[in-house]
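In: Next come a sequence and a model predicted from it.
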Amino acid sequence: MSDTLIFSMEVFLNGLMAGVLYALVALGFVLIYKASGIFNYAQGVMALFAALTLVGIMDGQVPFSHLINAALGTDIHHFGWHVPAFIGIILSMGVMVILAWIVQKVIFRHLVGQEPIILFMATIGLAYFMEGLGDIMWGSDIKKLDVGLPQGINIAIDEATYGIFGYGFFIDNLDIVATIIAALLVGVLVIFSQYTKQGRAMRAVADDHQAALSVGINLNFIWVMVWSVAGFVALVAGIMWGTKSGVQFSLSLIALKALPVLMLGGFTSIPGAIVGGLIIGVGEKMFEFLIGPMIGGATENWFAYVLALIFLVFRPQGLFGEKIIERV
Amino acid sequence: MKKTLITAAVAGMVAAAPAFADLTFSALSYRTGPYAANGIPFADGYQDYFTLLNERDGGIGGEKINLVECETGYNTEKGVECYESTKGEGALVYQPLSTGITYQLIPKATADGIPVHSMGYGRTSAKNGEVFRNIFNYPANYWDGASVAVKYLLGENGGSLAGKKIALVYHNSAYGKEPIRTLEEAAKKHGFELSLLPVDHPGQEQKSQWLQIRRDRPDYVLMWGWGVMNQVAIQEAVNIRFNMENFIGIWWSGSENDVLPAGDGANGYKALTFHNVGDDFPVFDDIQKYVVDSGKAAGAGDQIGTALYNRGLYAAMLAAEAAKTAQGIHGVSAITPAQMRDGMEALEITEAKMASLGLPGFGPSFNVSCQNHGGDGMVAVAQWDASAKSWGLITGFEQSDQDILNPLIEEDSAAFAAENGITPGCN
């Protein structure tokens, strides 16, 4: 077997793993779009905010400490305790639920029935607000996130592939964990949206706010629930990406990685987010490996969008998106 | 009654307006946005040094310092807006803290007669003062960094890099591409094989690049990264078990922020620097006494001695020393931007001067002249100790390979002069 073929297999597998990480971010977008027709520009910032909150809680950091110290002349920064990761995740989830409730009460309750562009603009404002809030609450320094997830090369795969091909494949343990978590997450979300009362109500709300209200669906509850679930997905994405690079404000830019996934997979399909993520991940990695060296490299960002656009030519609604038929 | 209220309001506004000091310095900083973690310590160091001069010495040459801070968010458009909105306040010099902003300010500041100091960033060929009359980039530039990295590796390999493989992982931008030409020339001269691995902004996903490094097994990896790209690259290097001793970053890839997220795995990682590290210098005692303890610190006072805080402090110190030089040349204390430019062009930094400032051994000695706006290209190598969570210099300040760099600077600056109709010269 040629070296190029062996290396291609390694790149292919790593592309799949990268795709899962992209899909984790895309899932949050899909959930909110599916339930409310809102393209949530703030999803990347939600991942950042969730990760900041988790690190802050785990490290016993006093929220708003700089503000408190400046106002009161005190010098407090930490409570002096360390919270285990599991409890930290639960408490962070609680914060995301409170945030979802506030977002619904303060912003979207007042925008029922508005044009999609107005809802989108509201999420842009929300993104900037949350970024500033995260900064004031937890500070802007880069934080190490350690919730006990394994990182580094998977020795078993390395040794097994070395035995077969004479070259050990690199697969990151963190990527393997992310894949397992994403699979579980998708399974639960699909079951929830297809087979539960709240899930069906969520889809009804997505179809038509006013019609859903008229049949007795509690719109406020559904939206709080959906934003809470999206907050949980953002927390999971924040943990995965934050473990790779430390929790920092550029984490909000991971949303850029989700856009081609959404274009390809469709904005309303949970399995579409996963399949789209895998296609984008594999596509960009293979293109970079095979074609990149001939054209100067650094092809991944733009190639993901080109790939998504090619799919759009043939399926404007994305691979799994709902076909919209409007009659005049 | 109405008239009285209006009068009182106007009087209040006049009283609340800032008093214009005689020496105004600008701080184009970024305390918000994706790069705030790096912008804050630099801005704190820059501001704290000027506060120290005001509090301890009463300013510079008897003139109080007025620091005008403007938030750029590390965004080129905002940076230019900051320049336009603050230049009317009489700023003596601009330090844009961004290669993108620097490129935009080169023609504007030159036309306005205001000097720009891009310390360790910006357009490398601005070292040629005969072409770039108002632009300064002392004490070192990117090409100096690339050259000294090669020089250091030569020293590690008994003076020969023949047959060695060096990979450059770089931010796919004008900044990241800066060292390529120098490294290509060095590869020809010293016989090593250079491979180029661009990383797209912002650099959160670098699997392809590090898989290639794992396959190709270069002897050394150099990095020109920024922001999240640095942390991800160092973590990926740890993941593929690349020897950290053989991984060297430029100074913008050499802060505590870059290595701390990788934990113990980052131990041994190296970075280039044009100033010293740590807080074991007398000036920090003064900063503690006159700035931090008196509640006048720019931030929480927790950044002192970090790599980027020290760089901000060093930038402020060089600006202050240039202002002193300008005051000496022109015999006035309230200098203008044009006079500041003269001071920068006549700046002499000696070890005796550094020691008198409470910064012995903090930076290299160098002179600036009309022909040379970039200093002598003296760069050191620092290494990260993960257990102590600190940087330490492992070399002295070494000069870059002038035989390689001077022709490149001459060529690039000549092209700029031709494009812009500039006749090189010192008059």
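Out: Now that the structure is in, tell me what you want to look at. As the structure is a prediction and not an experimental result, all values here were calculated from the model.
In: Compute the number of surrounding residues for the residue of chain B found nearest chain A.
Out: Closest approach of chain B to chain A (CB to the nearest CB) occurs at residue B:261, with a separation of 3.0 Å. C-beta: built from backbone N, CA, C; applies to glycine. Residue B:261: 26 surrounding residues under other CB atoms under 10 Å in any protein chain shown.
In: any idea how far residue B:172 is from the residue nearest the centre of chain A?
Out: Nearest to the mean C-alpha position of chain A, counting by CA atoms, centre = their mean, stands residue A:25 at 1.9 Å. To residue B:172, residue A:25 is 22 Å away according to CB to CB, to the nearest Å.
In: and if you look at residue A:236?
Out: 29 Å.
In: Show me which of these two is the more surrounded one.
Out: Set side by side, residue A:236 and residue B:172 show more neighbours around residue A:236, with 23 against 19, by other CB under 10 Å.
In: what helix or strand does that one sit in?
Out: Counting by DSSP states H and E, the element that carries residue A:236 is helix A:219-245.
In: Is any residue of that helix near chain B?
Out: Yes. Judged by CB under 8 Å from any CB of the partner chain, helix A:219-245 and chain B are in contact via A:241, A:244, A:245.
In: Relative to chain B, which of these is nearest.
Out: For these, the residue nearest chain B by CB to the nearest CB is residue A:245; the value is 4.7 Å.
In: and the closest one, what pLDDT?
Out: On pLDDT, residue A:245 comes in at 88.
In: Run through the residues that contact it.
Out: A:251, B:204, B:228, B:231, B:232, B:235, B:261 (CB atoms under 8 Å, 6 or more residues apart in numbering or on different chains).
In: mind redoing it with 6 Å?
Out: Going by CB atoms under 6 Å, 6 or more residues apart in numbering or on different chains, residue A:245 touches B:204, B:228, B:231, B:232.
In: Tell me, how many residues neighbour the first one?
Out: The one in question is residue B:204. 23.
In: can you check residue B:55 too?
Out: Count around residue B:55 with other CB under 10 Å applied: 16.
In: And for whichever residue of chain A sits closest to chain B, nearest residue in space, chain neighbours not counted?
Out: Going by CB to the nearest CB, chain B is nearest to residue A:246 of chain A, at 3.0 Å. Nearest in space to residue A:246, with sequence neighbours left out and distances taken as CB to CB, 6 or more residues apart in numbering or on different chains, is residue B:261 at 3.0 Å.
In: and the one you found, what are its phi and psi?
Out: Reported as degrees, to the nearest 10, the phi and psi values for residue B:261 are phi -60, psi -30.
In: Helix or strand: which one has residue A:68?
Out: Assigned by DSSP H and E, residue A:68 falls in helix A:65-72.
In: can I get the CA coordinates of that helix in CSV?
Out: As requested, the backbone C-alpha atoms of helix A:65-72 are provided in CSV (Å, rounded to 0.1, in the frame of the first residue of the first chain):
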residue,chain,number,x,y,z
SER,A,65,-14.8,40.7,40.9
HIS,A,66,-13.1,43.6,39.0
LEU,A,67,-16.3,45.5,39.1
ILE,A,68,-16.8,44.8,42.8
ASN,A,69,-13.2,45.7,43.7
ALA,A,70,-13.3,48.9,41.7
ALA,A,71,-16.6,50.0,43.3
LEU,A,72,-15.9,48.9,46.9
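In: Return the set of buried residues in that helix.
Out: A:65, A:66 (16 or more other CB atoms under 10 Å in any protein chain shown).
In: Identify all contacting residues around it.
Out: Outside helix A:65-72, the residues touching it (CB under 6 Å, 6+ apart) are A:75, A:76, A:77, A:136.
In: taking those residues one by one, which sit in helices?
Out: Among the contacts of helix A:65-72, the members found in helices (DSSP state H) are residue A:136.
In: Let's see if you can find the most crowded of the contacts of helix A:65-72.
Out: residue A:77 (17 neighbours).
In: Please identify the nearest residue in space to residue B:129, excluding sequence neighbours.
Out: residue B:373 (3.9 Å).
In: got the residue ranges for the helices in the stretch 1-150 of chain A?
Out: Remark: helices assigned in the stretch 1-150 of chain A by DSSP state H, counting those that start in this stretch are A:3-36, A:43-58, A:65-72, A:85-106, A:116-138.
In: right, and those helices - which one's nearest residue B:152?
Out: helix A:3-36 (31.4 Å; CB to CB).
In: before we move on, which element is the residue nearest to residue A:279 when sequence neighbours are not counted in?
Out: Nearest in space to residue A:279, with sequence neighbours left out and distances taken as CB to CB, 6+ apart, is residue A:264 at 6.0 Å. Here residue A:264, judged by DSSP H and E, is contained in helix A:255-265.
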